[in-house]
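[1] When you get a sec, could you give me coordinates for this:
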Amino acid sequence: MIAADLAIDVKTAALLSTAFAFPYALIQPVLGVTSDFFGKTKLMNICVLVLALTALVCAVATSFSLLVAMRIVAGIVGGGVFPVAMALLGDLVPMNQRQVAIARLLGIALTANVLGAAISGVIGDLFGWRGVFGILGTFSLVVSLLAFWAFRNTTLPPPPPFNRAAVIANFRGIFADPRAKVCFTAVFLEAIFIHGLFPYVAILLLDTGETRASIAGLLIGCFAVGGIVYSVFVPYLVRTVPQRHLMLIGGAFASCSLALIAFHFSWPTQIAIYGAFGLGFYLLHSCIQVHVTDLSQTARGAAASLHSSSFYFGQAIGPVVYGIGFAHGGPEPTILFGAVVILGVGIVCSWLLVRRPA
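    Numbers count the residues shown, from 1 in each chain. Next up, the predicted model:
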C-alpha cells in the first residue's frame, strides 16, 4: 500500500522494516544503562510517548524519506519499552514469583502480537496504511498518558547518579556472572534458528501445495498461541517442575517441532506443530529471562537490554542463515540442523543456568 501510494518500489518500501529493526537492536545497551540511572518507569513512559508521536507523523507523511526517519526514531525508542518492563519486573517482583510475572508479561505481549497483526490488516483494508499509523499513534498516545498516571505512586529505589565508572562497573558485574554468556548466546541462537525461519514459512508451505499467505500467518499466529498457553499454565508448572527440567523440556519441544516442520506436513497438522513450537520456545526462553533479571541487582536494565539486543541481532541474522542454508543444502537439512542446535541450547542451559547463592 505504501509503495503504491508514494510511487516507490515494493522492495524499497520494505526497508521501513529494517529502518525499525536495526536501531532497535543497536540501541539496546544504551537504553538499558539509561533506565538504570534515569529511572525505568520514566524512560518507558517517554519511549511510548515518542512511539505515539512518530506513528502520528507517519500517518500524515507525504515523503518516503520522512517515513524512514520516523521509523528509525521509533526503532530507537522501541527498545525502551519491553526490555525495560522486564527489568522493572525484576525490581518489583521477588525471585520466587518472578517467573510467573515474566510469563504473564510475555502472555500479554504475545496476545498483542497476534491481535496487532490481525487488527492492522483489517484497519489497512478499511482505512489504508495511513489509518494503521493514525490509529496506532492515537492508541499509543492514550496508553502513554495512562502510564504516566498509573506509575505516579510506584515506589522504587532512587536511581544512582550517573557516572562513567559506574556504567563500566555495571557491565563488568553483569559479565562477571558466568550465566551472562550462556544467557546471551542462548537467546542469540534461539532467534537465529527459531525466529529466523518465520520469513520462509510461506515458501515452505508451497512444497505442500498451499499458496495462501493467510495460512502462513495462521501458523505463525499458532506459535504465539503456544506461548499464551504457557503463560496460562506457568504457575502450575513452576510449582511442580524444577526450572532446569523446564528448560530441558522446552528445548526438546522446540527442537522436535522444528524437526517436524522439515517434513512438510499438511497445514492443518502444522497448526499443532507450530503451537507446540511456541510452547517449547517460551518454556525455554522465559526460564532464561528469569536468570537475566538476576544477573545484576543494580543494573537490571543493562542486563535486560543486552539480552534483548542479542535476541534481535539473532533475529536479523536468522533469515540470512536460513537463506544460505536453503540455497546450498536445501530446506530439510538446514531446518534439521537448526533443530539440533535448539536441543543443544536446552541441554546446555539446563546444565549451566543455576542461580548463584544469595
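
[2] From now on I want contacts and neighbour counts done on CA atoms only, so please keep to that.
    OK.

[3] Kindly list the longest helix within this structure.
    helix 95-150 (DSSP state H).

[4] Who are the packing partners of it?
    helix 40-60, helix 82-92, helix 213-240, helix 267-292 (3 or more C-alpha pairs under 8 Å, 6 or more residues apart in numbering; DSSP states H and E).

[5] list the buried ones in the helix or strand just after the last one?
    Okay, so that is helix 267-292. Using DSSP states H and E, the helix or strand that follows helix 267-292 in sequence is helix 300-328. The neighbour-count check on helix 300-328 (16 or more other C-alpha atoms under 10 Å) flags 300-319, 321-323, 325-326 as buried.

[6] got it, and stretch 80-97?
    For stretch 80-97, the neighbour count (16+ other C-alpha under 10 Å) marks 80-91, 95 as buried.

[7] what pLDDT, on average, does it get?
    Stretch 80-97 shows a mean pLDDT of 83 in the predicted model.

[8] hey, C-alpha coordinates of that stretch in CSV?
    Coordinates of each C-alpha in stretch 80-97 appear next as CSV, following Å, rounded to 0.1, in the frame of the first residue of the first chain:
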residue,chain,number,x,y,z
GLY,A,80,12.9,1.3,25.8
VAL,A,81,9.6,-0.5,26.4
PHE,A,82,9.5,-4.3,26.7
PRO,A,83,13.1,-4.9,27.8
VAL,A,84,12.8,-2.1,30.4
ALA,A,85,9.5,-3.6,31.5
MET,A,86,11.2,-6.9,32.1
ALA,A,87,13.9,-5.2,34.1
LEU,A,88,11.2,-3.3,36.1
LEU,A,89,9.6,-6.7,37.0
GLY,A,90,13.0,-7.7,38.4
ASP,A,91,12.9,-4.7,40.7
LEU,A,92,9.2,-5.1,41.8
VAL,A,93,8.8,-8.9,42.0
PRO,A,94,10.7,-11.3,44.3
MET,A,95,12.7,-14.0,42.7
ASN,A,96,10.4,-16.8,43.8
GLN,A,97,7.5,-15.1,42.0
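
[9] quick one: contacts of that stretch?
    28, 31-32, 35, 40-41, 43-45, 47-48, 98, 101-102, 105, 156, 293-294, 300-301, 303-305, 308 (C-alpha atoms under 8 Å, 6 or more residues apart in numbering).

[10] swap in stretch 245-258?
    Taking contacts as C-alpha under 8 Å, 6+ apart, the residues outside stretch 245-258 that touch it are 194, 273-274, 276-285, 287, 335-336, 338-347, 349-350.

[11] tell me the mean pLDDT over that stretch?
    Average pLDDT, stretch 245-258: 96.

[12] One more: stretch 35-54?
    88.

[13] Run the chain-centre distance for that stretch.
    Distance, stretch centre to chain centre, for stretch 35-54: 18 Å (C-alpha atoms, centre = their mean, to the nearest Å).

[14] What separation do you get for the nearest residue to Ile228 once chain neighbours are set aside and Leu218?
    If the residues on either side of it in the chain are set aside, Ile228 comes closest to Gly107, at 4.9 Å by C-alpha to C-alpha, 6 or more residues apart in numbering. As judged by C-alpha to C-alpha, to the nearest Å, Gly107 and Leu218 stand 18 Å apart.

[15] of these two, who's got more company?
    Taking neighbours as other C-alpha atoms under 10 Å, Gly107 and Leu218 compare with Gly107 leading, 22 against 17.

[16] Contacts only, for the more buried one.
    By C-alpha under 8 Å, 6+ apart, the contact set of Gly107 is Gly227, Ile228, Tyr230, Ser231, Val232.

[17] ok and whichever strand or helix holds Phe337 relative to helix 267-292, angle-wise?
    Here Phe337 sits within helix 331-352, counting by DSSP H and E. Here the directions of helix 331-352 and helix 267-292 differ by 30 degrees (axes from the mean of the first three to the mean of the last three C-alpha atoms, to 10 degrees).

[18] got the buried residues for helix 331-352?
    Neighbour-count burial for helix 331-352 [16+ other C-alpha under 10 Å]: 331-332, 334-350.

[19] Now do that helix against helix 300-328: the angle between them, please.
    Using the same axes, to 10 degrees: helix 331-352 against helix 300-328 is 150 degrees.

[20] packing partners for helix 331-352?
    Using 3+ C-alpha pairs under 8 Å, 6+ apart, helix 331-352 sits against helix 179-193, helix 243-261, helix 300-328.

[21] any chance of those in a markdown table, with distance to Gly137 too?
    Converted to a markdown table, those look like this (distance: least, C-alpha to C-alpha, whole Å):
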| stretch | distance to Gly137 |
| --- | --- |
| helix 179-193 | 28 |
| helix 243-261 | 35 |
| helix 300-328 | 24 |
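
[22] how about these, which one is nearest Asp5?
    helix 300-328 (27.6 Å; C-alpha to C-alpha).
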